[in-house]
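[1] fold the following for me, if possible:
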Amino acid sequence: MNLYGHDMDETVSPLSANMGFSIAWEPTKRDFVGRPALIAQRAEQEEGRLPILTGVVLEERGVLREGQILACKDADGNNIGQGVVTSGTFSPTLKHSIALVRVPTHTASCEVDLRGKATPVRMVKPNFVRFGAKVFD
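    Down below sits the predicted model:
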């Protein structure tokens, strides 16, 4: 679940916070404050220019915390920019640290800076646990 003030706030597009499902796009005649801006951001999202909110699991020792910086790479291993941990903690169910992170759209892998050491994290969809069991492979 998104935490207001961490994973989303008034400066973050609902599309970048995985909240696009909450926008009533239809009927197209429906007008609301911010609709033109959201339509422009939806186009940016389709072009891959809007950052995304996704999950990561730290399978090594350590705890992911808000504000930690991630180095992001695409599928070819090219650096594509930085991401940031928006909220994180230790999961007693998974026995690993988990976090929500905001990263560039085409990110395939990331490393987090833990006390000056680049540590790989595993990217997963944001539902980490469901009915007491991990959701990802």
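[2] contacts for the lengthiest strand in the chain?
    In the chain, with assignment by DSSP state E, the single longest strand is strand 79-91. The contact list for strand 79-91 (Cβ atoms under 8 Å, 6 or more residues apart in numbering) reads 3, 6-7, 51, 53, 56, 63-74, 96-104, 106-107, 110, 112, 128-129. Where you see a C-beta, it was placed from the backbone N, CA and C, and this is true even at glycine.
[3] please identify the helix or strand for residue 136.
    Counting by DSSP states H and E, no helix or strand carries residue 136.
[4] tell me the contacts of it?
    57, 122, 124, 125, 128.
[5] the first one: how many residues sit nearby?
    Meaning residue 57. 18 (other Cβ atoms under 10 Å).
[6] quick check: bridge partners of it?
    Residues in a beta bridge with residue 57, per DSSP bridges, are residue 98, residue 122.
[7] so which helix or strand takes in the residue sitting furthest away from the middle of the chain?
    Relative to the centre of the chain, and counting by Cα atoms, centre = their mean, the farthest-placed residue is residue 29 at 31.2 Å. Following DSSP H and E, one finds residue 29 outside all helices and strands.
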